[in-house]
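Participant: Quick one, what's the 3D model for this:
(one chain, ligands or ions: 2)
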Amino acid sequence: MSYSVFIDGEAGTTGLDVLRRLEARDDLEIIVLGDRRREVEARREALNAADAVILCLPDEAAKEAVAMIDNPAVRVIDASTAYRVDPAWTYGFAEMAHGPGRMSQAEKIAGATRVSNPGCYPTGFIGLVRPLVSAGIIPAGWPVTVNAVSGYSGGGKAMIAEFEAGGAGAFRAYGLSLKHKHVPEMTLHTGLERPVLFAPAVGAYRQGMLVEVPLQLAALPSSPSVEVVHGALAEAYAGCRFVEVAELEATEAMTGIDPEGLNGTNKMRLHVFGDRSGAQVRLVALLDNLGKGASGAAVQNLNLMLGLREETGLS
Ligand SMILES: NC(=O)C1=CN([C@@H]2O[C@H](COP(=O)(O)OP(=O)(O)OC[C@H]3O[C@@H](n4cnc5c(N)ncnc54)[C@H](OP(=O)(O)O)[C@@H]3O)[C@@H](O)[C@H]2O)C=CC1
Ligand SMILES: CC(=O)N[C@@H](CCC(=O)OP(=O)(O)O)C(=O)O
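Facilitator: Numbers count the residues shown, from 1 in each chain. Ligands and ions are numbered 1, 2, ... in the order given. This is a model prediction of the structure:
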């Protein structure tokens with residue numbers, strides 16, 4: 001059986017990467033608009049004709065696209081920020097832990113017609129922190145900070161053009177007003193009660209990211225050991241193909257970590273770097289902002305929603 005898929009925003013950074021991942025598949029037929037991609041009526045027709053649509057658009061254009069869909073059978077995956085904290089949409093982080101006996105996020109995605117694809121930074125942050133909040137290691141009211149660096153493709157076509165024209169600088173801290181659009185999503189889907197303090201940065205390389213959460217273990221109520229923190233993460237992602245937790249021994253031997261290390265993949269690797277006394281850790285997620293941070297996750301969600309589970313890599 002073949003399914004039809006329409007990528008709205010097919011010529012953008014995320015859209016092109018989704019297309020690259022799908023075009024070789026013989027179980028999918030891709031609806032491509034080419035030069036007609038900005039024509040409202042052409043989009044409306046494609047949005048209602050496809051079995052599934054993947055919106056790779058700015059927030060406002062994504063909302064307009066959703067409003068154009070009146071065929072109830074169409075499944076929608078939105079890569080923008082528009083619906084990530086909307087309770088009517090299912091959050092598309094398939095490995096997000098929910099605790100024993102509850103429906104997994106992957107099952108929720110499989111049964112949904114509206115799925116919001118997570119942001120790139122939130123994928124790393126939620127991946128690191130949610131299992132620790134669920135396990136009671138980080139109290140819900142704890143003040144949590146996240147530092148991160150992304151390649152410039154994270155800012156889409158405009159930022160790519162800026163950096164590739166030269167003169168953009170080697171490294172730029174931003175989000176300095178502390179109002180980054182990812183904060184509500186990071187806070188909600190970890191179960192934290194206070195807004196996360198988010199310090200993002202962008203570097204003069206195209207793709208790949210590190211998302212880091214430093215924790216003063218000795219200040220936490222249970223003073224957990226490095227092994228307890230690592231164990232909670234390892235348990236949360238046991239059996240997942242796309243999210244892995246690096247062994248403590250391997251992490252201890254590392255002297256650096258390359259943000260480009262998982263480029264081109266749909267994988268995320270979590271590290272727990274601990275100090276010798278065990279009083280502090282740096283939790284670090286490594287992922288491709290266009291892979292598990294965007295297009296890879298969108299394709300994973302598409303597979304789940306169309307029932308192509310063998311393609312998901314979820315055990
Ligand atoms: N880049 C990344 O790493 C990530 C991006 N995202 C999200 O994915 C979405 C797309 O981002 P990205 O690919 O980076 O952005 P780009 O700027 O690279 O691409 C945006 C695309 O949207 C199209 N578009 C813009 N406005 C309209 C409109 N009014 N009607 C129809 N099409 C329109 C553009 O068309 P045209 O080609 O004609 O210009 C372009 O193809 C955003 O919401 C972003 O936040 C999410 C996670 C990571
Ligand atoms: C480097 C850079 O600018 N990154 C983007 C985030 C990219 C991303 O995740 O897109 P969403 O906002 O749709 O989640 C930013 O900080 O706005």
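Participant: use CA for all of it now, contacts and neighbours both
Facilitator: OK.
Participant: What are the phi and psi values at the closest residue to residue 189 other than its chain neighbours?
Facilitator: Nearest non-adjacent residue to residue 189, counting by C-alpha to C-alpha, 6 or more residues apart in numbering: residue 126, 6.6 Å away. Per-residue torsions, residue 126: phi -60, psi -40 (degrees, to the nearest 10).
Participant: Pretty sure residue 218 sits against residue 277.
Facilitator: No - at 9.9 Å, residue 218 does not count as touching residue 277 under the criterion of C-alpha atoms under 8 Å.
Participant: Looking at the two now, which is surrounded by more residues?
Facilitator: Per other C-alpha atoms under 10 Å, whichever of residue 218 and residue 277 has more neighbours is residue 218, with 15 against 9.
Participant: returning to that earlier point: which residues does the residue nearest to residue 189 contact?
Facilitator: Each residue near residue 126 by C-alpha atoms under 8 Å, 6 or more residues apart in numbering is listed here: 96, 186, 189-190.
Participant: Same question for residue 169.
Facilitator: Each residue near residue 169 by C-alpha under 8 Å, 6+ apart is listed here: 163, 204.
Participant: Three-state assignment for it, please.
Facilitator: coil (DSSP: H, G, I helix; E, B strand; the rest coil).
Participant: for the residue of the stretch 1-150 of the chain found nearest ligand 2, phi and psi?
Facilitator: Closest contact between the stretch 1-150 of the chain and ligand 2, by C-alpha to the nearest ligand atom, is at residue 119 (3.2 Å). Per-residue torsions, residue 119: phi -70, psi 160 (degrees, to the nearest 10).
Participant: Show the model's pLDDT score for the residue in the chain sticking out farthest from the centre.
Facilitator: The C-alpha centroid of the chain is most remote from residue 277, which lies 32.7 Å away (C-alpha atoms, centre = their mean). For residue 277, the pLDDT comes out at 87.
Participant: how close does it get to ligand 1?
Facilitator: Residue 277 sits 37 Å away from ligand 1, going by C-alpha to the nearest ligand atom, to the nearest Å.
Participant: One more: residue 257?
Facilitator: From residue 257 to ligand 1 the distance is 20 Å (C-alpha to the nearest ligand atom).
Participant: a helix runs through that residue, doesn't it?
Facilitator: No - judged by three-state DSSP, residue 257 forms no part of a helix; its state is coil.
Participant: May I have the phi/psi pair for it?
Facilitator: Main-chain dihedrals, residue 257, degrees, to the nearest 10: phi -140, psi 130.
Participant: for the one 3 residues further on, same thing?
Facilitator: The main-chain torsion angles of residue 260 are listed as degrees, to the nearest 10 and equal phi -90, psi 10.
Participant: and it, how many neighbours does it have?
Facilitator: Neighbour number of residue 260 under other C-alpha under 10 Å is 19.
Participant: residues touching residue 203, list them.
Facilitator: 149-152, 170-172.
Participant: could you flag which of those are buried?
Facilitator: Among the contacts of residue 203, those scoring as buried are 149-152 (criterion: 16 or more other C-alpha atoms under 10 Å).
Participant: Output those in TSV, with pLDDT appended to each entry.
Facilitator: Formatted as TSV, the buried ones among the contacts of residue 203 follow (pLDDT from 0 to 100):
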residue	pLDDT
149	98
150	98
151	98
152	98
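Participant: Which ones, among these, also lie beside ligand 2?
Facilitator: Contacts with ligand 2 within the buried ones among the contacts of residue 203, counted by C-alpha under 6 Å from any ligand atom: 150, 152.
Participant: Could you tell me which of the buried ones among the contacts of residue 203 belong to strands?
Facilitator: 149-151 (DSSP state E).
Participant: which residue sits closest to residue 33 in space, ignoring its chain neighbours?
Facilitator: Among residues not flanking residue 33 along the chain, residue 42 sits closest, at 7.5 Å (C-alpha to C-alpha, 6+ apart).
Participant: Wasn't the one you found part of a helix?
Facilitator: Yes - remark: residue 42 belongs to a helix, assigned using three-state DSSP.
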